[in-house]
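A.B. asks: I need the structure of the sequence given here:
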Amino acid sequence: MSLSVTEPFDAIARSNVNSAWGALTMEVLARLGVNTVVTSPGSRSTPLTIAAARNARVEALSILDERSAAFYALGLAKRTRRPVALVCTSGSAAVNYWPAVLEASMSGTPLIIMTADRPAELRDCSSGQTIDQLKLYGDSVRQFKELALPECSPEMLAYLRQSLVHAVHLSLSANAGPVHLNFPFRDPLPPSLDASQPVVEAAVLEEAATVSTRPCEAVLQAGGLDLVALERLSSHSRGLIIVGTENPRCGDEAFANAVSMISKKLGWPVLADVLNPLRNYASEDRRVITRYDTFLRESGEQASLQPTAILQIGSLPTSKVLRAWLGQLNAVSFLLSASPINTDPLHRVATPLYGDVLSLAEHLQHQRVDSDWASKWTTLEARQSQAIDECMENLDTLFEGKVAWLLSRHLPVGSSVFLASSMSVRYAEYFWSAGSRACAVFCNRGANGIDGTLSTALGVAHGGRPAFLLTGDLAFLHDSNGLLASSQLRGSLTVVLINNNGGGIFEHLPVAQMDPPFEQYFSTPQNVDPGQLCAAYRVPHQVVNDWSQLVNALTKSSEPGLRVLELLTDRKADRLQLHKFHQ
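C.D. replies: I've put the predicted structure just below:
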């Protein structure tokens, strides 16, 4: 809808043109269901930041460090499955978003990135705080759009409105991910308090009222599943369902129920990575297999476990043992993904299936199943789980792997868990028990880096149920600026910090035998006292000395804010203990 008169726009002072542009941006995003805007201080972004702060429909957070701000927004978007907006000033500020943009792109997480910029006449002329921001993030965003300079005509306000509508739509499309909008602004940047301000507000509200799309609704992919491929899939009685990293849009419980239905119809066991909902909704489904990394190491077991078909849902699990085993199988593969991306790094003979688990569960017909096939897997699962449980219960020393095992058994029902990369996620893959605690598990395994670990976990915790972060000391220190961002937290985050004074993951690589230079260049011990670091940020910190103390700390009521539980372990002893489990 266009406004019927143009005279009021002519009366708007130039200083309030930017104000109207920013105000309409925030009002349209709010009406589209973008609830949170994360800003960082800067001059050029003033029109957007002030508009976010003034709009009662959105929650405006201010985080000093753009890198931390972007990961905070990423974590919140991962948990809510809704886009979160980011606002920064011009220049290198936008570059600091890049690690989080990469993770958002590779994990299919919706973000609306709004970078302020100089106008064209101040570019390429040595103007301060100016870099080339056009297509700054390359192919890592679903769309880049350089917006026009602000103008308060009905036609240009309509243009801005629809640009925002399409940006949110693209962020939630079948190939969900970040969208980058570049906003050039001329001076003056702050709004003036003149008589035109009420005209600005009225124009913005009238234009925003024309938003008609449904708010923050995931865009379903058109078309159905390949019925011929489904017939081929259903013709196999000895198959496996492999489920890797997955943060399903349909919700954790619905996803778990759908995979369970697929498993029942096909009669196939489900090998479930810790980074999807299945292990936390598994109490009534005996076909969920979690200890595959251990028994697939045994050559004697492998011969009887050869499938003829594999249904892979999402990406591959973390386990290198599983990946190596899958790579040498002579089995036909089917790759189910809601996004049109290649999810097969093994380059197998595979048929892509574009769709979601809900559709597949609905369209599959019940098949004649081979009960002996599934029982081979469930028998091995039960035997290996019992052996791990007995060993863990009798283990008194502080072994890093036992932390993940205890978390899976003692976290509050329905809480959120963020697993840092490197050894934290691997120990969880090995030892996280299947159960019915309905915990939501999150990670940054798109790019698999340790960037922004604490900040992302804070975002996951923001406005949600009590959350827990399992991390090593290097990942924690790599994002120590997240301690500064914790002032914005509305919720509860408990950090379970495994301090083994270095990068424990490198202890499992051949380079560990080469010392020097191993300790200095790979393990990189930092010798930082986390207690003193936390004290500098006024964050509660506690050293945990035994397992009962950890369990008590996990199960007591979580106070609002951030707290750190530190466990001191020996990374070389941890490596030897893990080796015993795998023997």
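A.B. asks: can you give me the helices for the stretch 401-550 of the chain?
C.D. replies: 423-431, 453-461, 473-478, 482-485, 518, 530-536, 547-555 (DSSP state H, counting those that start in this stretch).
A.B. asks: next: the stretch 51-200 of the chain.
C.D. replies: Going by DSSP H, counting those that start in this stretch, the stretch 51-200 of the chain shows helices at 66-80, 98-107, 154-171, 197-208.
A.B. asks: deepest-packed of the ones you listed, please.
C.D. replies: Neighbour counts (mean count of other Cβ atoms under 10 Å) averaged over each of the helices of the stretch 51-200 of the chain peak at helix 66-80, with a mean of 28. (C-beta placed from N, C-alpha, C; glycine too.)
A.B. asks: now the angle from that helix to helix 98-107?
C.D. replies: Angle, helix 66-80 to helix 98-107, by axes from the mean of the first three to the mean of the last three Cα atoms, to 10 degrees: 20 degrees.
A.B. asks: quick one: helix 66-80 to helix 453-461, angle?
C.D. replies: Helix 66-80 runs at 40 degrees relative to helix 453-461, counting by the same axes, to 10 degrees.
A.B. asks: and helix 66-80, what does it pack onto?
C.D. replies: The helices and strands touching helix 66-80, judged by 3 or more Cβ pairs under 8 Å, 6 or more residues apart in numbering; DSSP states H and E, are strand 36-39, strand 84-88, helix 98-107, strand 111-117, strand 440-443, helix 453-461, helix 482-485.
A.B. asks: contacts for the second one, please.
C.D. replies: It stands for strand 84-88. For strand 84-88, contacts defined as Cβ atoms under 8 Å, 6 or more residues apart in numbering pick out 29, 34-40, 42, 45, 48-49, 52, 58, 66, 69-70, 73-74, 76-77, 94, 96-97, 110-116, 459.
A.B. asks: buried subset of the residues you listed as a PyMOL selection?
C.D. replies: The PyMOL command for the buried members of the contacts of strand 84-88 (criterion: 16 or more other Cβ atoms under 10 Å) is given here:
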select buried, resi 29+34+35+36+37+38+39+40+42+45+48+49+52+58+66+69+70+73+74+76+77+94+96+97+110+111+112+113+114+115+116+459
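A.B. asks: so, low pLDDT: which residues of the stretch 201-350 of the chain?
C.D. replies: Within the stretch 201-350 of the chain, the segments meeting pLDDT under 70 span 201, 203, 212-214, 217-224.
A.B. asks: same thing but at 50, please
C.D. replies: Applying pLDDT under 50 to the stretch 201-350 of the chain flags the ranges 220, 222-223.
A.B. asks: ranges for the strands of it?
C.D. replies: With DSSP state E, counting those that start in this stretch as the criterion, the stretch 201-350 of the chain has strands at 239-243, 270-272, 288-289, 309-313, 332-337, 350-354.
A.B. asks: for residue 488, see how far away residue 38 is.
C.D. replies: Residue 38 sits 8 Å away from residue 488, going by Cβ to Cβ, to the nearest Å.
A.B. asks: overlap in contacts, these two.
C.D. replies: 61, 63, 72.
A.B. asks: and the helices of the stretch 401-550 of the chain, which one is worst for confidence?
C.D. replies: Among the helices of the stretch 401-550 of the chain, helix 518 carries the lowest mean pLDDT, at a mean of 91.
A.B. asks: dump the helices of the stretch 401-550 of the chain to a markdown table, plus distance to residue 123.
C.D. replies: Conversion of the helices of the stretch 401-550 of the chain to a markdown table gives the following (distance: least, Cβ to Cβ, whole Å):
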| stretch | distance to residue 123 |
| --- | --- |
| helix 423-431 | 42 |
| helix 453-461 | 31 |
| helix 473-478 | 33 |
| helix 482-485 | 31 |
| helix 518 | 47 |
| helix 530-536 | 40 |
| helix 547-555 | 53 |
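A.B. asks: before we move on, the earlier item: and of the helices and strands packed on helix 66-80, who's closest to residue 512?
C.D. replies: helix 453-461 (22.9 Å; Cβ to Cβ).
A.B. asks: report the angle between the closest one and strand 84-88.
C.D. replies: Taking the same axes, to 10 degrees, one finds helix 453-461 and strand 84-88 inclined to each other by 130 degrees.
A.B. asks: what angle sits between helix 453-461 and helix 423-431?
C.D. replies: 60 degrees.
A.B. asks: what packs against helix 453-461?
C.D. replies: Looks like helix 453-461 contacts helix 66-80, strand 416-419, strand 440-443, strand 467-472, helix 473-478, helix 482-485, strand 492-499 (3+ Cβ pairs under 8 Å, 6+ apart).
A.B. asks: what is the mean pLDDT for the fourth one?
C.D. replies: Looking at strand 467-472 alone, the average pLDDT works out to 98.
A.B. asks: coming back round to it: would you turn the helices and strands packed on helix 453-461 into TSV with distance to residue 564?
C.D. replies: Below are those laid out as TSV (distance: least, Cβ to Cβ, whole Å):
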stretch	distance to residue 564
helix 66-80	17
strand 416-419	14
strand 440-443	19
strand 467-472	9
helix 473-478	8
helix 482-485	9
strand 492-499	4
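A.B. asks: right, so of the ones you listed, which gets closest to residue 191?
C.D. replies: Checking the helices and strands packed on helix 453-461 against residue 191 by Cβ to Cβ gives helix 66-80 as the closest, at 23.4 Å.
A.B. asks: can you show me the CA trace of the closest one as PDB?
C.D. replies: The C-alpha coordinates for helix 66-80 follow below in PDB (Å, rounded to 0.1, in the frame of the first residue of the first chain):
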ATOM      1  CA  GLU A  66      31.300  -7.600  17.300                       C
ATOM      2  CA  ARG A  67      32.800 -11.100  17.100                       C
ATOM      3  CA  SER A  68      31.200 -12.000  20.400                       C
ATOM      4  CA  ALA A  69      27.900 -10.200  19.400                       C
ATOM      5  CA  ALA A  70      27.600 -12.300  16.200                       C
ATOM      6  CA  PHE A  71      28.100 -15.600  18.000                       C
ATOM      7  CA  TYR A  72      25.700 -14.600  20.700                       C
ATOM      8  CA  ALA A  73      23.100 -13.900  18.000                       C
ATOM      9  CA  LEU A  74      24.000 -17.200  16.400                       C
ATOM     10  CA  GLY A  75      23.400 -19.200  19.600                       C
ATOM     11  CA  LEU A  76      20.000 -17.500  20.100                       C
ATOM     12  CA  ALA A  77      19.000 -18.200  16.500                       C
ATOM     13  CA  LYS A  78      20.100 -21.900  16.800                       C
ATOM     14  CA  ARG A  79      17.800 -22.400  19.900                       C
ATOM     15  CA  THR A  80      14.800 -20.400  18.700                       C
END
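A.B. asks: kindly calculate the angle that that helix makes with strand 111-117.
C.D. replies: Using the same axes, to 10 degrees: helix 66-80 against strand 111-117 is 150 degrees.
A.B. asks: centre-most residue in the protein?
C.D. replies: residue 78 (4.4 Å; Cα atoms, centre = their mean).
A.B. asks: ok, now which ones touch that residue?
C.D. replies: 107, 109, 247, 442, 456, 459-460.
A.B. asks: ok, residue 179 next?
C.D. replies: Residues in contact with residue 179 (Cβ under 8 Å, 6+ apart) are 110-113, 141-145, 167-168, 170-171.
A.B. asks: which residues sit against the lengthiest helix in the chain?
C.D. replies: Across the chain, the longest stretch assigned as helix under DSSP state H is helix 371-393. Residues from elsewhere that reach helix 371-393, judged by Cβ under 8 Å, 6+ apart: 237-238, 267-269, 286-287, 289-291, 294-295, 301, 304-305, 402, 405-406, 431, 433-434, 581.
A.B. asks: what subset of these is buried?
C.D. replies: 237-238, 267-269, 287, 289-291, 294-295, 305, 402, 405-406, 431, 433-434, 581.
A.B. asks: now do the domain split for this protein, please.
C.D. replies: Using automatic domain parsing, the domain parsing of the chain gives 7-208, 227-374, 395-581.
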